[in-house]
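1. give me the fold of what follows.
(chains A, B, C and D)
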2 protein chains.
Amino acid sequence: MDDREESLLDSLKAHGYRLTKPRQAVIRALATAVKPMTVADIHAEGRRYCAELGLVTVYRTVEMLLALGQLHIVHLDAERHGYALASPGHVHHLVCSRCRRIIEVTGCTLDGFLDDLAERTGYRITGHRLEIAGICPECRAKFES
Amino acid sequence: MDDREESLLDSLKAHGYRLTKPRQAVIRALATAVKPMTVADIHAEGRRYCAELGLVTVYRTVEMLLALGQLHIVHLDAERHGYALASPGHVHHLVCSRCRRIIEVTGCTLDGFLDDLAERTGYRITGHRLEIAGICPECRAKFES
DNA sequence: AATCTAACTGAAAAATTTTTTCACTAACCC
DNA sequence: GGGTTAGTGAAAAAATTTTTCAGTTAGATT
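-> Residues are numbered from 1 along each chain as shown, chains lettered A, B, ... in the order given. Next up, the predicted model:
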């Protein structure tokens, strides 16, 4: 169990949630993943850790983790979306278009741009989501000769 | 009919598509919208222009416009998404969290950051999606006293 | 450790969303 | 105007998500 997984379990406890096997399976599936996981992905992977894990519980646990701010929604190219454990702080995701491997990206440089934008439009800017698409080094090696 | 709508119809013709009434209704619904439209939104609004418009046709027309690059997917706060006509060039969307009104944003300042990122990670960066959330001036006036 | 109890569970059913199928319609070329 | 074929809506099917509910289990109490 890695640090991230452990702190997540602590966070559940701290919020009065029970540490059930199905929940641990969902969390482990997410903690182990290297790409955004759809509900079906989490279900399939989670069953490796809890054979009876039901799809409904995946939906419920995802919702719970989102409410706790521990999970990010990552929009895939088309209209599908997956979930990835959130690291603390402000992060974005760089997703490989081919294999879906993701890495977290910190230190985005949009603050000045957004301040400008607020001034120009009169909107109060409350947040932003940046998703970056690319081809990871492994896939480049395999497919770009 | 505004310019945008007209050029869209031209683009359909240029690609060998027929200009049917249901398609025109979908396009007009999108051209008139001030917020991202879900499939259901487009269907409801489109029926004002073509009373028999079927939901299936909305799905098909949306798919067609996406393939032509004329439509952007705009992810709403949660897991829902809507569609908005794409302006030519590189644009992002600023969406009001309260009323969903959107405005298009040009001139994002990420190029340097993305170049850096490519260097650091070895990814070849192929695109990015930036969605900015905020509260529009009207909603600020109404709800922020 | 045994007991209690409410949070939690999975299965089934229901609701919703999206895709497929198909007979009919209408846009566009002549 | 007439023919052809892309395009249509309705209905059915498939896929996804939510609700319901009786049974189970985590964790507090003793």
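2. every contact and neighbour count from this point should use C-alpha atoms.
-> Fine.
3. for residue A:113, give me its contacts.
-> The contact partners of residue A:113, taken as Cα atoms under 8 Å, 6 or more residues apart in numbering or on different chains, are B:108, B:109.
4. that one sits in which helix or strand?
-> Using DSSP states H and E, residue A:113 maps to helix A:111-121.
5. may I see the buried residues of that helix?
-> Residues of helix A:111-121 classed as buried by neighbour count (16 or more other Cα atoms under 10 Å in any protein chain shown): A:114, A:117, A:118.
6. same list (the residues you listed) but as TSV, adding pLDDT and distance to DNA strand C.
-> Shown next, in TSV, are the buried residues of helix A:111-121 (pLDDT from 0 to 100; distance: Cα to the nearest atom of the strand, whole Å):
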residue	pLDDT	distance to DNA strand C
A:114	90	31
A:117	91	31
A:118	92	32
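7. look up how far chain B lies from residue A:3.
-> From residue A:3 over to chain B the distance is 23 Å, taken as Cα to the nearest Cα, to the nearest Å.
8. got the confidence number for that residue?
-> According to the prediction, residue A:3 has pLDDT 82.
9. kindly report the same for residue A:128.
-> Per-residue confidence (pLDDT) for residue A:128: 89.
10. which one of the buried residues of helix A:111-121 is nearest residue A:107?
-> Distance to residue A:107 across the buried residues of helix A:111-121 (Cα to Cα) is lowest for residue A:114, with 14.4 Å.
11. surely that closest one touches residue A:123?
-> No. Judged on Cα atoms under 8 Å, residue A:114 makes no contact with residue A:123 at a distance of 10.1 Å.
12. could I get the contacting residues of the closest residue to residue A:81 other than its chain neighbours?
-> Spatial nearest neighbour of residue A:81, chain neighbours left out: residue A:75 (4.3 Å); criterion: Cα to Cα, 6 or more residues apart in numbering or on different chains. Applying Cα under 8 Å, 6+ apart, one finds that residue A:75 lies in contact with A:81, A:82, A:131, B:75.
13. so for stretch A:94-104, first residue to last residue, what's the gap.
-> For stretch A:94-104, the first-to-last residue distance is 6 Å (Cα to Cα, to the nearest Å).
14. mind listing what's buried in that stretch?
-> Quick answer for stretch A:94-104 (16+ other Cα under 10 Å): A:94, A:95, A:96, A:97, A:100, A:101, A:102, A:103.
15. re earlier: how near is the residue nearest to residue A:81 to residue B:128?
-> Relative to residue B:128, residue A:75 is positioned 11 Å away (Cα to Cα).
16. common neighbours of those two, please.
-> Common neighbours of residue A:75 and residue B:128 (Cα under 8 Å, 6+ apart) are residue A:131.
17. around chain B, pick out the residues from chain A.
-> Neighbours of chain B within chain A, by Cα under 8 Å from any Cα of the partner chain: A:73, A:75, A:79, A:81, A:96, A:108-110, A:113, A:121-137, A:140.
18. format the buried residues of stretch A:94-104 as TSV; extra columns: distance to DNA strand C.
-> Converted to TSV, those look like this (distance: Cα to the nearest atom of the strand, whole Å):
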residue	distance to DNA strand C
A:94	24
A:95	22
A:96	22
A:97	19
A:100	20
A:101	23
A:102	24
A:103	27
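19. pick out the most distant pair among those residues.
-> Using Cα to Cα, the pair of the buried residues of stretch A:94-104 lying farthest apart is A:97 and A:103, separated by 12.3 Å.
20. tell me which element whatever residue of chain A ends up closest to DNA strand C is part of?
-> Closest contact between chain A and DNA strand C, by Cα to the nearest atom of the strand, is at residue A:53 (3.0 Å). Counting by DSSP H and E, no helix or strand carries residue A:53.
21. what about residue A:109, how many neighbours?
-> Look at residue A:109: counted by other Cα atoms under 10 Å in any protein chain shown, it has 14 neighbours.
22. and if you look at residue A:86?
-> Residue A:86: 18 neighbours (other Cα under 10 Å).
23. ramachandran coordinates for it?
-> Torsion angles at residue A:86 (phi, psi; degrees, to the nearest 10) stand at phi -90, psi 130.
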